[in-house]
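>>> what's the 3D shape of this:
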Amino acid sequence: MEFSIATLLANFADDKLVAPKALEKKLNCRDDLSLRKLQIALDALERTGILVKERGKYRRVLEEDVVEGKLRCSSKGFCFAIQDVEDSEDVYIRESHLHSAWNGDRVLVRVTKEGTRRRSPEGEVRLILDRANSSVLARVKQTDHAYRATPLDDRLLFEVELLPNPSISLPEAVDQLVHVEILRYPLGSHPPLGKVAQILGSDAEAASEFDIVCCKYDLPRLFSDEILAVSKTLPPKLRKGDLKNRLDLRKLPTLTIDGPPTPTGPAIDDAITLKKLNGGLWQIGVHIADVSSYIEANSPLDLEARKRGNSIYLGDVAIPMLPENVHRCCALIAGQDRLAVSVLITLDAEGQVIEFELQPTVIQVDHRLDYQQAQAILQRHKSSDMEVTPVYPLPPLDQLQEFEPVFEMLDTLYNLGQSIRTQRLNRGAFDLNLPEKIFP
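Numbering: from 1, shown residues only. Have a look, this model is predicted:
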């Protein structure tokens, strides 16, 4: 696993000794290369005085004059370390005291001069915890002995020495806008090394907007062969053992309501049920796909999802957080049994919550509606428009007869929703009716 120094140091707290074996497990270091990298990092942190080694274990050394922050630099070279602690002062850092740290990096800073009323405290970078720039948008130039890339971001005050890439001709990349992957950060007087991953065009106008966004924010567009292979091992159907210790809600009428289906749209991962109880009470079930039943903690799929953070939708193009096969296994598709985590809320007719519970469940979606279909069904008895103007035209009611079994359910859900909204407003809440942004 690739880990940052920040991730490594997060395992040290309360002045306690931590064994290397415990770090290997928490950082998911399984192969020889990752184990070697961990030991190199521990040795370096020990030599710099960040860690001390006692009886084969490591302990964090806390320094009173050292603070953690994120670098915000200017094109003139000076930077400030922005601390996360509320009401803490930003620490001014001169260019000569950055010690190869770049704009956006998370760093430990030693405060060398206390601040005054008019001036911020000053400091120098003690340690780089996490690098923010694993790649850069840059323009290539040729020097006497090498090819170099100058970042477009003028807050990045360095040039990257380019190594050959068999698939890209460096002479053809000269004066072109390119995406450069950083292979090695600066070491002492040695410049950073990188390679041209993609030639984007002669300038930003000639380059694809999608390519620029992906390169600028280092968005991964493909999954590795390892991740794809692991995703294909997931079971396509539920097994009997999967249903053990789960509440079976498959007989309840179940709906999903989401945006219109699109080839690159997100998989449906939430659903809703409604059950009438005795005494005029209702039980609303809100269900979300139980992805954790398919993906173990710290597995390759889990680590890949953590690294990506979320799925990203750029117009008609989607960059998913998980491979397509995972979506097929977990998506709440009509007519398919699916594992879910559910909150079951008991309400009275006035929208007061009587009780609620969280349960692992198994559900089966009966109908998939989009927002326009649901709104058309709710408006079938009304001559005037509802409070929210639809972004898209509503379909005629005669096209929605397949959903007639849940017309009454939708009416009840809407009425309960209005009662809940009234309860919220009575408690002092208010709504912000912001227009929905639709990207062409």
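>>> Mind listing residues that contact stretch 241-258?
266, 268, 270-275, 285, 287, 293, 332, 334, 337, 339, 342, 359-371, 374, 405-406, 409-410 (Cβ atoms under 8 Å, 6 or more residues apart in numbering). In short, each C-beta sits where N, CA and C put it, glycine included.
>>> Can you tell me which of those residues are buried?
By neighbour count, with 16 or more other Cβ atoms under 10 Å, the contacts of stretch 241-258 hold 268, 271-274, 285, 287, 293, 332, 339, 342, 360-371, 374, 406, 409-410 as buried.
>>> Just these: which are in helices?
If you go by DSSP state H, the buried ones among the contacts of stretch 241-258 have 371, 374, 409-410 in helices.
>>> of those residues, closest to Asp130?
Tyr371 (39.8 Å; Cβ to Cβ).
>>> Can you report how many residues neighbour Val180?
Using other Cβ atoms under 10 Å as the criterion, Val180 is surrounded by 28 other residues.
>>> hang on, isn't it packed against Val160?
Yes: between Val180 and Val160 there is a contact under Cβ atoms under 8 Å: 5.6 Å.
>>> Find residues that contact each of the two.
Counting by Cβ under 8 Å, 6+ apart, the contacts common to Val180 and Val160 are 136, 138, 149, 194.
>>> I'd like these as JSON lines, with secondary structure and neighbour count appended.
Shown next, in JSON lines, are these (DSSP: H, G, I helix; E, B strand; the rest coil; neighbours: other Cβ atoms under 10 Å):
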{"residue": "Val136", "secondary structure": "strand", "neighbour count": "24"}
{"residue": "Ala138", "secondary structure": "strand", "neighbour count": "25"}
{"residue": "Ala149", "secondary structure": "strand", "neighbour count": "25"}
{"residue": "Gly194", "secondary structure": "strand", "neighbour count": "26"}
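>>> pLDDT below threshold where in the protein?
Applying pLDDT under 70 to the chain picks out residues 1, 261-266, 382-392, 436-440.
>>> Nearest the geometric middle of it, what residue?
In the chain, the centroid-proximal residue (Cα atoms, centre = their mean) is Gly309; its distance is 1.9 Å.
>>> On the three-state scheme, the residue of the chain most remote from its centre is what?
The C-alpha centroid of the chain is most remote from Gly279, which lies 43.9 Å away (Cα atoms, centre = their mean). For Gly279, the assignment made with DSSP: H, G, I helix; E, B strand; the rest coil gives helix.
>>> Likewise for Lys25?
helix.
>>> again with the one 4 residues further on
State at Cys29, reduced to three classes by three-state DSSP: coil.
>>> Please, where are all the helices along this structure?
5-9, 20-26, 32-47, 170-173, 209-216, 225-231, 300-308, 324-330, 371-378, 407-426.
>>> Please convert those to a markdown table, extending it with distance to Val91.
Below are the helices of the chain laid out as a markdown table (distance: least, Cβ to Cβ, whole Å):
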| stretch | distance to Val91 |
| --- | --- |
| helix 5-9 | 17 |
| helix 20-26 | 29 |
| helix 32-47 | 21 |
| helix 170-173 | 38 |
| helix 209-216 | 27 |
| helix 225-231 | 40 |
| helix 300-308 | 29 |
| helix 324-330 | 43 |
| helix 371-378 | 48 |
| helix 407-426 | 43 |
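>>> So which of those is nearest Glu86?
Among those, helix 5-9 sits nearest to Glu86 (Cβ to Cβ), with 19.8 Å.
>>> Show me what counts as buried in that closest one.
5-6, 8-9.
>>> go on, stretch 64-77?
Those would be 67-71, 73, for stretch 64-77 by 16+ other Cβ under 10 Å.
>>> try stretch 25-35
Buried residues in stretch 25-35, counting neighbours by 16+ other Cβ under 10 Å, are found at 27-29, 34.
>>> ends of that stretch, how far apart?
10 Å (Cα to Cα, to the nearest Å).
>>> Counting neighbours, what do you get for Val230?
The burial count for Val230: 19, using other Cβ under 10 Å.
>>> surely it meets Asp302?
No: under the criterion of Cβ under 8 Å, Val230 is not in contact with Asp302, lying 10.2 Å apart.
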